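Enquirer: what follows is a predicted structure for the sequence shown.
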Amino acid sequence: MNKTSIEDRAEGVAGETGAAVGALAGHAKTQVEELANQATAAAGHAYGQARDQVRGAAATVATSVEQQPLVTLLAVGLICGAVGFLLGRR
């Protein structure tokens with residue numbers, strides 16, 4: 001084996017290794033992007049569910065207030081009185 005042959009083989013191995021590392025990095029980048037997209041979709045879905053639950057609870061409270069306004073005023077008055085009493089003790 002001469003020096004040129006060894007250098008050529010070394011360059012070939014280095015080139016193949018570089019290509020393999022590049023392909024692996026590209027594959028890893030693709031996987032990270034896919035995971036990020038999945039996480040974004042899951043977060044959007046969770047946000048949508050939470051929003052729907054809050055809207056449902058607000059509608060339930062609004063219906064209750066419309067049907068029994070005096071009971072609502074009494075409950076709010078008691079809560080405010082208790083908070084005022086607790087803050088006044090400080």
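Expert: Yep, that arrived.

Enquirer: mind pulling the model confidence for Q38?
Expert: We have a pLDDT of 89 for Q38.

Enquirer: tell me which element it falls in.
Expert: According to DSSP states H and E, Q38 maps onto helix 3-67.

Enquirer: report the distance from that helix to the chain centre.
Expert: Centroid separation for helix 3-67 versus its chain: 11 Å, with Cα atoms, centre = their mean, to the nearest Å.

Enquirer: which other helices and strands does it contact?
Expert: Judged by 3 or more Cβ pairs under 8 Å, 6 or more residues apart in numbering; DSSP states H and E, helix 3-67 is in contact with no other helix or strand. Where C-beta positions appear, they are placed from N, C-alpha and C, glycine not excepted.

Enquirer: that one: what's the following helix or strand?
Expert: Remark: after helix 3-67, the chain's next helix or strand is helix 69-88, criterion DSSP H and E.

Enquirer: got the angle between that following helix and helix 3-67?
Expert: Angle of helix 69-88 versus helix 3-67, following axes from the mean of the first three to the mean of the last three Cα atoms, to 10 degrees, is 120 degrees.

Enquirer: distance of the residue sitting nearest the centre point of the chain from L70?
Expert: In the chain, the C-alpha nearest the mean C-alpha coordinate belongs to A43, at 4.1 Å (Cα atoms, centre = their mean). Separation of A43 from L70 (Cβ to Cβ, to the nearest Å): 42 Å.

Enquirer: likewise A62?
Expert: Going from A62 to L70 by Cβ to Cβ gives 16 Å.

Enquirer: neighbour count winner among those two?
Expert: Applying other Cβ atoms under 10 Å to A62 and L70 shows that A62 carries more neighbours, namely 10 against 7.

Enquirer: quick check: the more buried one vs V32, distance?
Expert: Distance of A62 to V32, given as Cβ to Cβ: 45 Å.
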